[in-house]
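Model the structure of this input:
(2 chains)
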Amino acid sequence: MNQARGFVTVTGPDGRSVTRETFTCCHCNSVHYTPPPNAQEVGFCHRCFARECVGCAKQLSGRCAAFERRIEAYERRQRMLAAVG
Amino acid sequence: MLYTVVGTQTAAAKSALGVTATAAVRPRLVAFTASNIGTVSTDSAFQLQLKRYTAAGTSTAVTPAPGDSGDPAATFTAGSNHSAEPTYTANTTFKDVAVNPRSTWRWAAYEQRAELVAPATAANGFGWLLNALGGATTVNVDAEVMQ
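Next comes the predicted model:
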């Protein structure tokens, strides 16, 4: 659960700051706020062993579409399209 | 290697900063900070959206500054203050935030798996679209990008 974490810090005009933890979805690479410890988990991929966002959890419903594989497929397709003109 | 790029924008809906890949590298966004420069007109938030694009648009070129002065020049490119918008891909918003112009907003990745990655495809990348100016004067986006 300690994977793909980040944080957001908002510093107000009075100099005080608020920090919240974020996670990056293992399937679509988008950034979301981490749910509080006692809240229901938004989504979790057991193959990536990382959090997924609500959108991916609904869309993929348990399947794994790891971002690394998706970006590689996209690059292959773009190289192929460039090669054929 | 880590590079810093900075972009600004004074008008909505125009992009403040764009980071564009080449076929040789995948730029990885490690952190970014959004803030306002100048006198705040009203306490109305500006809206900044971080999205993917497939064509870079027209902007003022920004030279990525290496964190280590001994590092070579960056392979990815960057642009600020877009006059023609990049072609953003639908449903690829990484972040959509409303920021009070009197405050600063920073996101950073703790670890590599949290970084945002652009494909190693020419003209693809990510951009910071200033969707609403609110009470801000000049929105400043400072991004740290790894390649």
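
who's in contact with the most centrally placed residue in chain A?
In chain A, the residue lying closest to the centroid (Cα atoms, centre = their mean) is A:C25, at 1.3 Å. Shown in contact with A:C25 (Cβ atoms under 8 Å, 6 or more residues apart in numbering or on different chains): A:A4, A:V31, A:H32, A:R51, A:E52, A:C53, A:G55, A:C56, A:F67. Where C-beta positions appear, they are placed from N, C-alpha and C, glycine not excepted.

Swap in 7 Å and give it another go.
Contact analysis of A:C25 by Cβ atoms under 7 Å, 6 or more residues apart in numbering or on different chains lists A:H32, A:R51, A:E52, A:C53, A:C56.

What about these, which are in strands?
Among the contacts of A:C25, the ones falling in strands (DSSP state E) are A:H32, A:R51.

Can you tell me which of the contacts of A:C25 is nearest B:E144?
Ranked by distance to B:E144 (Cβ to Cβ), these are led by A:H32 at 20.3 Å.

confidence score at the closest one?
A:H32 carries a pLDDT score of 89 in this model.

likewise A:N2?
According to the prediction, A:N2 has pLDDT 52.

one step back: what about the contacts of A:C25, which one has the most neighbours?
Compared across those, A:E52 has the highest neighbour count, 28 neighbours, by other Cβ atoms under 10 Å in any protein chain shown.

Around chain B, which positions in chain A sit nearby?
Counting by Cβ under 7 Å from any Cβ of the partner chain, chain A comes close to chain B at A:3-13, A:22, A:24, A:29-31, A:50, A:71, A:74-75, A:78.

same thing but at 8 Å, please
A:3-13, A:22-24, A:26, A:29-31, A:50, A:67, A:71, A:74-75, A:78-79, A:82 (Cβ under 8 Å from any Cβ of the partner chain).

Show me the shaky parts of chain A.
A:1-4 (pLDDT under 70).

What segments of it are helices?
Under the criterion DSSP state H, chain A contains helices at A:54-60, A:67-84.
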